[in-house]
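Peer 1: Give me coordinates for this.
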Amino acid sequence: MSWADRAAPIVGEVIRRIGRSDKQALRKALAEAYPWGARKNTPYKAWLAEVRRQLGHPLNTPKTDPANQQADMFGQRSQ
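Peer 2: Numbering: from 1, shown residues only. The predicted structure is shown next:
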């Protein structure tokens, strides 16, 4: 079992319990739920990767709303 496999149910349970609406409370709860002592090396990297995977990293979110079909003011046509 990998570190990410061990982290996944813990991260998921914290997200379900706290919810996604209050980001500050969620981040604090995730920090408190870290189960492996010192925050360094492979376990911590796996923990952070699992948090990013379950929450969705901001770099992976679309820059525009795909449901918005309105053309912008510079004349670019929506597809």
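Peer 1: quick one, what contacts residue 49?
Peer 2: Residues near residue 49 by Cβ atoms under 8 Å, 6 or more residues apart in numbering: residue 4. For glycine as for every other residue, the C-beta is placed from the backbone atoms N, C-alpha and C.
Peer 1: run the last query once more with 10 Å
Peer 2: Applying Cβ atoms under 10 Å, 6 or more residues apart in numbering, we find residue 49 in contact with 3, 4, 7, 57.
Peer 1: And for residue 16?
Peer 2: Contact analysis of residue 16 by Cβ under 10 Å, 6+ apart lists nothing.
Peer 1: Going by secondary structure, it is in what exactly?
Peer 2: helix 3-18 (DSSP states H and E).
Peer 1: In TSV: the contacts of residue 49, plus distance to residue 22.
Peer 2: Output for the contacts of residue 49, formatted as TSV (distance: Cβ to Cβ, whole Å):
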residue	distance to residue 22
3	27
4	25
7	21
57	19
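Peer 1: Counting neighbours, which of those comes out on top?
Peer 2: residue 7 (24 neighbours; other Cβ atoms under 10 Å).
Peer 1: correct me, but that residue touches residue 43?
Peer 2: Yes. Contact criterion Cβ atoms under 10 Å: residue 7 and residue 43 qualify, at 8.1 Å.
Peer 1: any common contacting residues for those two?
Peer 2: 34, 35, 36.
Peer 1: Please tell me I have it right and the last one contacts residue 45.
Peer 2: No. With contact taken as Cβ under 10 Å, residue 36 and residue 45 are classed as non-touching, separated by 11.2 Å.
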